[in-house]
Every structure is written in structure tokens, then in C-alpha cells.
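A.B. asks: Got a sequence here, can you model it:
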Amino acid sequence: MTFQVVFGRDPEVTASAPGRVNLLGEHTDYQGGFVLPTAIPQQATVAISRSNGGAHRLHSANLNRTLTVPLGERGEDFAPYVIGCIELMGVDDALDVFITSDVPSGGLSSSAALEIATLRALRELYGLPQDDVEIALIGQRVEHEYVGVKSGIMDQMASSLADTTRMLFLDTRSLERRVYPFPAGAEILVLDSGVPRTLAGSGYNERRAQVEEAARQLGVPELRDVTDVSQVEALSDALLRRRARHVVTENARVLAALGADAARFGELMNASHASLQHDYEVSHPRVDELVALLQADPRVYGARMTGAGFGGALVALVPQGEAAAIADGVLARYSGEGQRVVP
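C.D. replies: Alright, predicted model coming up:
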């Protein structure tokens, strides 16, 4: 199925944006922390043309579904992601939108890729002035205001600014960023656990509320401002202590990873997964199984869940050229329906 088949004419513009995998720095971006993502080869692609009707027509090739959304309404299913972009870019026209994506859902920012691709297409179609950082910030607003997920800024910034050849170190408070090479002699392996998850229906917003309360009780604007993990022990609530401990130690792990060799980087990934599993409690038994299989392979430097959790994807750092063989061996022993995503 193509834009021409669905809508009977050629699109005016087409734009794409990649998914991302986060190597370190999970659940820190909504507390002003540090993250270390990279883009993946898979992308979302959005083709757009103006329409004369009184409604948007949105077609998802992946779902083989067309939604008709009257102007002024947000629609359902995947529509709010697109409608939010249209409205927040100040576009009043009815549009025909054709969406295709090979970004797996669950931990690899498929929604951010859709948002950034849509925003890039709108920017081109209307000659709008927003730069890549402003595009990312609008994408975050879409999540907050139209989707109902109080996400941080990492996913949209990575989709808008990262590439597949380097790691993007981002200070999510200041939005200052630098790029770093992958550890020498290593490459990343991304696996999809086959366990779907939905952010808005998961504990994501609950976790955010918990760390906000922890920061309030510690008397700091954000947990980014806590650099000594022993300060977390001042929290009387054991649950809040665990949540805050993850954020504080995860920020430290990102900073320690900058310039680290593959062995050290892998150790930090392993520690990150343990923290996400036990302190932040956002992993899933199937994901833990896959991570354990990877960590048991002597060739693997380190492995962890990636993304918001509750299912979805995981990432490993492995020797250059060995990702495919490692993935085949691990997936053969995995009890679920996982698949290799990268490379």
C-alpha cells in the first residue's frame, strides 16, 4: 500500500526519523539527568499532502487502517500522535497523512520517531522555522498533552539529533550535548523481547510521581541535584528510597561511561539493569530472562533493558562482528518470541 493508492495522488512532502536505543541513563530524563542514546537504522516515514476536506485522513500502513479525524478533534489509536504535531505546529489545514515504520514498538521510541517524522514533514511542507531542538520539544509536548504520557525529553532529542554511528550524551536539564564514539572494538546488539507494553497504561506516570515526591522530600528541584547516594537514605519511605537511589546511581553510571572501555561500559550496563529491576521495578520476567542469557555469555560485555520497561527491548554491548552469532545463540535458548533488531 502506498500514499498514491490510499489517497489517489502523490504526497507533497515525505520525511523520516529514526528510533533510538538508550545505552545508559534510564528514567533520569524527567529528573533533569544524563542519558546516552544512539539512533537505530529503523525509521518511521510520514508522507503528507494538504486536503480540501473538513477532516484529516490518517493511514497507517503497518496497521492497514485509515482514520478520519474531523478538524478540532484528536481521534483515537495512533491519531493523537499525529494530530498533536499538526496542532502544536499551528497548522489549520486538513491533511492526508500516510505512515509507515519499521521501528519495533516497546523501548525503541517508535512513538518519538513518528512524532519527529511528522514534525519534519510539516516543517518542510509549510516552511516553518523550528530547528531540530524545538522540534524535539514539540514532540515531548505531544506526549504530555495529547497522549497522556509525562515523558522526558530523551526520546525526541535522540530521534531528532542522534545518528547510528555515535552515542549522544545529553544533559536533559540544559539540553547541552556531545557525541562520543562507541567503546573501541565493540558494537551494540538490540533484541526485542516480544513482550508488548503501553506507557500510558503502565507504571510510567506512577514512577514519575514517585521520584518527584522523593525530590520534594529531599528539598531539591530534581534528583539530578543529588550527587551523593547516601543522601537518599534520609527518605523515610522505603519505596521512595529505592526509586530515588536508581535515579541518582544511574546518573553516576552515565558519567562514568563517558570514555570507558568496553569492559567497564558493560559493567555499568549490568549494574543499570539490576537497578531498574530491583530499585525502579520496571523490568519484566521475560526481559530479565533475556538479559541473564546475554550476561552469561562470556563474549558479552554487558546487557540491560532499554526504554521505559514493562516489556519491550533490551540492549547489549558485544565484540565487533559477533552480534549476530550471539543473538542467534541467546534467542535459541529464550522461552519467548524475541527477535534481533540491531544490527
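A.B. asks: For the protein, give me the ranges with low pLDDT.
C.D. replies: 198-202 (pLDDT under 70).
A.B. asks: 50 - rerun?
C.D. replies: Within the chain, the stretches with pLDDT under 50 are 200.
A.B. asks: quick one: furthest residue from the center of it?
C.D. replies: In terms of distance from the mean C-alpha position of the chain, N52 ranks first, at 35.0 Å (CA atoms, centre = their mean).
A.B. asks: how much space between V195 and V330?
C.D. replies: 15 Å (CB to CB, to the nearest Å). Every residue, glycine included, has its C-beta placed from N, CA and C.
A.B. asks: Neighbour count for the two, which is higher?
C.D. replies: Each of V195 and V330 has its neighbours counted (other CB atoms under 10 Å); V330 has more, 24 against 19.
A.B. asks: now the more buried one, nearest residue through space, not along the chain?
C.D. replies: Nearest non-adjacent residue to V330, counting by CB to CB, 6 or more residues apart in numbering: L293, 4.6 Å away.
A.B. asks: quick one, what contacts the one you found?
C.D. replies: Counting by CB atoms under 8 Å, 6 or more residues apart in numbering, L293 touches 330, 333-334.
A.B. asks: And for F7?
C.D. replies: 49, 57, 59, 96, 98.
A.B. asks: re the thing from before, list the contacts for the residue farthest from the centre of the chain?
C.D. replies: A94.
A.B. asks: Distance of it relative to S111?
C.D. replies: Per CB to CB, N52 is found 29 Å from S111.
A.B. asks: now do D163
C.D. replies: 20 Å.
A.B. asks: neighbour-wise, which of those two wins?
C.D. replies: S111 (25 against 12).
A.B. asks: for the helix or strand hosting the more buried one, packing partners?
C.D. replies: Assigning secondary structure by DSSP states H and E places S111 in helix 110-126. Counting contacts by 3 or more CB pairs under 8 Å, 6 or more residues apart in numbering; DSSP states H and E, helix 110-126 packs against strand 13-24, strand 34-51, helix 79-88, strand 94-101, helix 132-142, helix 154-161.
A.B. asks: Please identify the most buried of those.
C.D. replies: Highest mean neighbour count among the helices and strands packed on helix 110-126 (mean count of other CB atoms under 10 Å): helix 154-161, with a mean of 28.
A.B. asks: ok so, going back, compare the helices and strands packed on helix 110-126 and give me the one nearest E250.
C.D. replies: strand 13-24 (7.3 Å; CB to CB).
A.B. asks: helices or strands up against that closest one?
C.D. replies: strand 34-51, helix 110-126, helix 154-161, strand 186-192, helix 238-257, helix 262-278, strand 313-319.
A.B. asks: how does it look with 7 Å?
C.D. replies: Other helices and strands packing on strand 13-24, by 3 or more CB pairs under 7 Å, 6 or more residues apart in numbering; DSSP states H and E, are strand 34-51, helix 110-126, helix 154-161, helix 238-257, helix 262-278.
A.B. asks: With respect to Y146, which of the ones you listed lies nearest?
C.D. replies: With CB to CB, the closest approach to Y146 among these belongs to helix 110-126: 9.7 Å.
A.B. asks: Next, the angle helix 154-161 makes with the closest one.
C.D. replies: Taking axes from the mean of the first three to the mean of the last three CA atoms, to 10 degrees, helix 110-126 and helix 154-161 form an angle of 40 degrees between their directions.
A.B. asks: between helix 110-126 and helix 132-142, how many degrees?
C.D. replies: Going by the same axes, to 10 degrees, helix 110-126 makes 120 degrees with helix 132-142.
A.B. asks: and helix 110-126, which residues are buried?
C.D. replies: For helix 110-126, burial by neighbour count (16 or more other CB atoms under 10 Å) applies to 110-123, 125.
A.B. asks: which residue is nearest the centroid of the protein?
C.D. replies: Closest-to-mean residue, the chain, CA atoms, centre = their mean: S109 / 3.4 Å.
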